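**Q** Take a look and give me a structure for this.
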Amino acid sequence: MKTAPSKSPLQVVVQQVNNNTTAWMGHRQNSNDEIFAGQTFTCPTEGDLDAIEVFSTLVVQPGHAVMTIHPFDPETKKWGPAMQSTALELDKSDSDRWISFPQTGLHLTKGAHYGFRLESRDMYLGLGEAAGSHEQPPLLGGQEWSANTIDPSEKYYSYLSLAFKVELRA
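**A** This is a model prediction of the structure:
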């Protein structure tokens, strides 16, 4: 559901900013394989989504990255249909910085579970990631997700989390 943009102040409502390893996303050079990366999260408040940021550690191959936002069922690990999509063109100057994917106007509900997916057919990108353990996960209420074209089975990791920020206007 889309809503008119709110005038209320922007707040980061979910974030995991630690970065002690790298996850990969995109088209692997010298291979026909494409890696898809993502993150699930629980929304702690109601509001209108403004942007989701991810930390880019290294742009190996410049190109287009696409982020889609989905409802997510953590019990069955099922993704709902894409609610919104944003594409950005990234180049090597986008290495080692936060990349904002504007998602203006999408309304998120308190306590609901969502996820975002990142993919690219022409670029290869290192994403900041935090590695924890089963006893001390880097993010409660969410999991890192990955899949690829060679082995499309989805993998979920509670001991890993992408470095990301969810920005809402409440």
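**Q** ok, the closest residue to N148 other than its chain neighbours - contacts?
**A** Spatial nearest neighbour of N148, chain neighbours left out: I35 (4.7 Å); criterion: CB to CB, 6 or more residues apart in numbering. In this view, the C-beta of every residue, glycine as well, is placed from N, C-alpha and C. Applying CB atoms under 8 Å, 6 or more residues apart in numbering to I35 gives the contacts W24, M25, G26, R28, S146, A147, N148.
**Q** in which helix or strand would I find I35?
**A** For I35, the element it lies in under DSSP states H and E is strand 34-42.
**Q** mind checking how far that strand is from the chain centre?
**A** 5 Å (CA atoms, centre = their mean, to the nearest Å).
**Q** now do stretch 149-163
**A** On CA atoms, centre = their mean, the centre of stretch 149-163 falls 12 Å from that of its chain.
**Q** And the contacts of it?
**A** Stretch 149-163 has contacts (CB under 8 Å, 6+ apart) with 16-19, 21, 23, 32-34, 37-40, 54-55, 77, 127-134, 137-139, 142-147.
**Q** measure the residue nearest to N148 to P62 for me?
**A** 16 Å (CB to CB, to the nearest Å).
**Q** Mind giving me the packing neighbours of the helix or strand harbouring P71?
**A** Following DSSP H and E, one finds P71 within strand 63-73. If contacts are counted by 3 or more CB pairs under 8 Å, 6 or more residues apart in numbering; DSSP states H and E, strand 63-73 sits against strand 21-27, strand 47-61, strand 78-79, strand 84-90, strand 97-108, strand 113-119.
**Q** buried sites along the fifth one?
**A** Residues of strand 97-108 classed as buried: I99, F101, Q103, T104, G105, L106, L108 (neighbour count, 16 or more other CB atoms under 10 Å).
**Q** Identify, from these, the entry nearest to D73.
**A** L108 (15.4 Å; CB to CB).
**Q** Any idea what that closest one is bridged to?
**A** Listed by DSSP bridges, the beta-bridge partners for L108 are G47.
**Q** coming back round to it: from the contacts of stretch 149-163, list the buried ones, please.
**A** 16, 18-19, 23, 34, 37-40, 54-55, 127-132, 137-139, 142-147.
**Q** ok, and what's touching the strand holding P71?
**A** 25-27, 40, 49, 52, 54, 78-90, 99, 101, 103, 106, 112-125.
**Q** mind running it again at 7 Å?
**A** By CB atoms under 7 Å, 6 or more residues apart in numbering, the surrounding residues in contact with strand 63-73 are 40, 52, 79-90, 101, 103, 106, 112-120, 122-123, 125.
**Q** That's all I had, so thanks and see you.
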